[in-house]
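Visitor: Could you look at this predicted model? Sequence included:
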Amino acid sequence: MEESSEEEEVDQSNNIVLGFDSSDIFSTNLVFNLRESLIEWTKDKGKQDRIIIVIKRSYTGKSGKTRIKFACERSGSYRQIVKKIDGKKKKENLIEEHRQKKCGCPFLLSAHKLVTSDDWILKVVCGLHNHLSAKHLEGHLFARRMTKEETKIFVDTSKCNIMPREILVVIKEKNTHNVSTVRTIYNARQKHRVRE
């Protein structure tokens, strides 16, 4: 990955920071035989370059093709709600504290399932980002989530009364791209206790 100083371009006329292009990262000729492997590959590629990829939309079209649209977590914008205060309508952002996160990032990937088989193909629709990549993902809301496999490891090691820090070490040894924190393990342990 290039250094952020090389990534960043500034339009001198408007002083607008232009982001970076990640088309080459996600351009692939791979054919995925499972939906889950496609999703895992896409999210892992994003994590390697400090980009959080989320599923924007998943649907079956009129032609019978099943599609998945992937986007950057910073795509879109916040909805505004209208509140009546003292008889006057006021527009307010739905989520005030995270207002800076979404910036209308145009990044978009499209995957579709082949009609003749269960294979999936991934294409880059727009590889441009209008923001810089994250400096680090440690403790990030989406990135710190544990996968099903990591959750299984957590459950198995929790039965042996192993300390949360040691559980985290085991999980990070299995997946070098894992950015979970000890807090993630404590939260998972609490959730697991509530289920039991």
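Guide: In hand now; what should we look at? Numbers count the residues shown, from 1 in each chain.

Visitor: C-alpha only now, for contacts and for neighbours.
Guide: Noted.

Visitor: Let me see the confidence value for Val31.
Guide: Note for Val31: predicted pLDDT of 93.

Visitor: how far away is it from Val54?
Guide: The spacing between Val31 and Val54, counted by C-alpha to C-alpha, to the nearest Å, is 20 Å.

Visitor: okay, those two: which has more neighbours?
Guide: Legend: neighbour count by other C-alpha atoms under 10 Å for Val31 and Val54, higher for Val54 (18 against 13).

Visitor: Quickly find the element holding the more buried one.
Guide: Element membership of Val54, judged by DSSP states H and E, is strand 53-60.

Visitor: And for Lys172?
Guide: Here Lys172 is assigned to helix 164-174, by DSSP H and E.

Visitor: same question, Ile121
Guide: In this assignment (DSSP H and E), Ile121 forms part of strand 120-126.

Visitor: Which positions within the helix holding Lys172 qualify as buried?
Guide: Going by neighbour count (16 or more other C-alpha atoms under 10 Å), the buried part of helix 164-174 is 164, 167-168, 171-172.

Visitor: same deal with stretch 34-47?
Guide: Those would be 35, 38-39, 42-47, for stretch 34-47 by 16+ other C-alpha under 10 Å.

Visitor: Residues touching it, excluding its own?
Guide: Applying C-alpha atoms under 8 Å, 6 or more residues apart in numbering, the external contacts of stretch 34-47 come out as 25-26, 32, 52-54, 118-120, 122, 137, 143, 177.

Visitor: next one: stretch 123-136
Guide: 4, 7-8, 17-23, 26-28, 49-51, 103-111.

Visitor: With just CA atoms, put that stretch into CSV.
Guide: Taking Å, rounded to 0.1, in the frame of the first residue of the first chain, the C-alpha atoms of stretch 123-136 are listed here in CSV:
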residue,chain,number,x,y,z
LYS,A,123,-16.4,-7.0,-11.1
VAL,A,124,-15.3,-3.5,-10.1
VAL,A,125,-18.0,-0.9,-11.0
CYS,A,126,-16.1,2.1,-9.5
GLY,A,127,-12.8,1.7,-7.7
LEU,A,128,-12.5,5.3,-6.6
HIS,A,129,-12.8,6.6,-3.0
ASN,A,130,-13.4,10.2,-2.1
HIS,A,131,-11.6,9.8,1.2
LEU,A,132,-8.3,8.4,2.5
SER,A,133,-8.0,4.9,3.8
ALA,A,134,-8.0,4.4,7.5
LYS,A,135,-4.7,4.7,9.3
HIS,A,136,-5.5,1.5,11.3
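
Visitor: mean confidence score for it?
Guide: According to the model, stretch 123-136 has a mean pLDDT of 84.

Visitor: sorry, back to before: what is the mean pLDDT for the next helix or strand after the helix holding Lys172?
Guide: Later in the chain than helix 164-174, the nearest helix or strand by DSSP H and E is helix 182-195. Helix 182-195 carries an average pLDDT of 76.
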